[in-house]
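Colleague: Provided below for reference: sequence and predicted model.
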Amino acid sequence: MQSMTNSKSLALITGASSGIGLELAKCFVKDNYDVILVAEDRAGLDAAAAEMRSLGSGSVETIVADLSQYSGAKEVRDAVQSGGKPLDVLVNNAGIGVYGKFIDNDLEEELKSIRLNTMSFVELTKFFAPRMVSRGAGRILFTASVASKTPTPYMAVYGATKAFVYEFAQGLREELHDTGVTVTALMPGPTDTNFFERAGAQDSKLLDEKLADPADVAKAGYDALMAGEAKVVVPLKYRVQTAINQVVPDTLVAKQSRKKHEPHGEQEEERPR
């Protein structure tokens, strides 16, 4: 990564080669930020960078790193440090899921999702947040999910990782409330990205409903981040549903969630009462 010395604010976005991450990057570029795009796929990252350069005049740098591996976060940290410019905004967005019954899913794939969805967030935040605090300014965005607040049968580990992300964001936000550094959680509902394909969830009944536009999700997240808000749930129907779920028994919420997430043709087994 080249040395960056101009006066524009700098944002780093993980999972920036497609989906919500790509759309978030567009928001920053259009708002005259320099950006660092992070993803594991070189081709997708190069295409994203070319698109960013066509949208704005700021610097666009890329870091190819697999954040599901233990070395990934260190590669990102080292690359940003070598650029010589302090980070103003950290967007922890990269994430994956594994679809299917937990007892049937591959353990390594589940552990990979845990490392990417939680550990990389902690590692990058642990490095950049203290530096933001020392300067008295900074913004951090965590992409959580409506799954943060709802049991997710057939994606049980994914939902658990997003619950971690949400609670981490809110706890850290309170710790940093008087430092000049804000923390915001973006909680999207099912969104029209390649997430379901990567998770092997193409047969999930969840895909029968209208999926959110990733550009709309990103804009909501970006606006909430810039306003210093604690969280934003998008689209609106999931804001309502998330609120209702907090007063409905967990067992009932989990049962309804199973019906939404199960594959077509799946029949719920009769259980002893």
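Modeller: Okay, I see it.
Colleague: all helices of the chain, in order?
Modeller: 19-30, 42-55, 72-83, 107-114, 120-135, 156-175, 195-199, 214-227, 236-245, 250-261 (DSSP state H).
Colleague: got the buried residues for the first one?
Modeller: By 16 or more other CB atoms under 10 Å, the buried positions in helix 19-30 come out as 19, 20, 21, 22, 23, 24, 25, 26, 27, 28, 29. C-beta: built from backbone N, CA, C; applies to glycine.
Colleague: got it, and stretch 82-98?
Modeller: 83, 85-98.
Colleague: what do you get for stretch 167-187?
Modeller: 168-170, 172-173, 176, 179, 181-187.
Colleague: Quick check: mean pLDDT of that stretch?
Modeller: Mean pLDDT, computed over stretch 167-187, is 98.
Colleague: could you dump it to PDB, C-alpha only?
Modeller: Extracted in PDB, the C-alpha atoms of stretch 167-187 (Å, rounded to 0.1, in the frame of the first residue of the first chain):
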ATOM      1  CA  GLU A 167     -23.300  -6.700  22.200                       C
ATOM      2  CA  PHE A 168     -19.700  -5.900  21.600                       C
ATOM      3  CA  ALA A 169     -20.600  -2.700  19.800                       C
ATOM      4  CA  GLN A 170     -23.000  -1.500  22.500                       C
ATOM      5  CA  GLY A 171     -20.600  -2.300  25.300                       C
ATOM      6  CA  LEU A 172     -17.700  -0.600  23.600                       C
ATOM      7  CA  ARG A 173     -19.900   2.400  22.700                       C
ATOM      8  CA  GLU A 174     -20.600   3.000  26.300                       C
ATOM      9  CA  GLU A 175     -17.000   2.600  27.300                       C
ATOM     10  CA  LEU A 176     -16.000   5.300  24.700                       C
ATOM     11  CA  HIS A 177     -18.900   7.600  25.200                       C
ATOM     12  CA  ASP A 178     -16.800  10.600  26.400                       C
ATOM     13  CA  THR A 179     -13.700  10.000  24.200                       C
ATOM     14  CA  GLY A 180     -14.800  11.500  20.900                       C
ATOM     15  CA  VAL A 181     -15.100   8.000  19.300                       C
ATOM     16  CA  THR A 182     -18.500   6.700  18.400                       C
ATOM     17  CA  VAL A 183     -19.600   3.100  17.800                       C
ATOM     18  CA  THR A 184     -22.600   2.200  15.600                       C
ATOM     19  CA  ALA A 185     -24.200  -1.200  14.900                       C
ATOM     20  CA  LEU A 186     -25.800  -1.700  11.500                       C
ATOM     21  CA  MET A 187     -28.500  -4.400  11.700                       C
END
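Colleague: Just checking: what are the partner strands of the biggest strand by length in the chain?
Modeller: With secondary structure taken from DSSP state E, the chain has its longest strand at strand 181-188. Partners of strand 181-188 in the sheet, by DSSP bridges, are strand 138-143 (parallel), strand 231-234 (parallel).
Colleague: Would you reformat these as TSV and include mean neighbour count and mean pLDDT?
Modeller: Formatted as TSV, the strands paired with strand 181-188 follow (neighbours: other CB atoms under 10 Å; pLDDT from 0 to 100):
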stretch	mean neighbour count	mean pLDDT
strand 138-143	25	98
strand 231-234	22	96
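Colleague: Now render those strands as CSV, adding distance to residue 114.
Modeller: Shown next, in CSV, are the strands paired with strand 181-188 (distance: least, CB to CB, whole Å):
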stretch, distance to residue 114
strand 138-143, 16
strand 231-234, 22
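Colleague: And the pLDDT for residue 29?
Modeller: 98.
Colleague: surely it meets residue 55?
Modeller: Yes: shown here, residue 29 and residue 55 form a contact pair, counting by CB atoms under 8 Å, at 4.9 Å.
Colleague: about what we covered before: most tightly packed of the helices of the chain?
Modeller: Mean neighbours per residue, mean count of other CB atoms under 10 Å, is largest over those for helix 19-30, with a mean of 24.
Colleague: what's in contact with it?
Modeller: Here helix 19-30 makes contact (CB atoms under 8 Å, 6 or more residues apart in numbering) with 11, 13-16, 35, 37, 39, 48, 51-52, 55-56, 58, 60, 89, 91, 93-94, 141, 143, 186, 188, 191, 193-195, 214-215, 217-219, 221-222.
Colleague: distance of residue 137 from residue 32?
Modeller: 17 Å (CB to CB, to the nearest Å).
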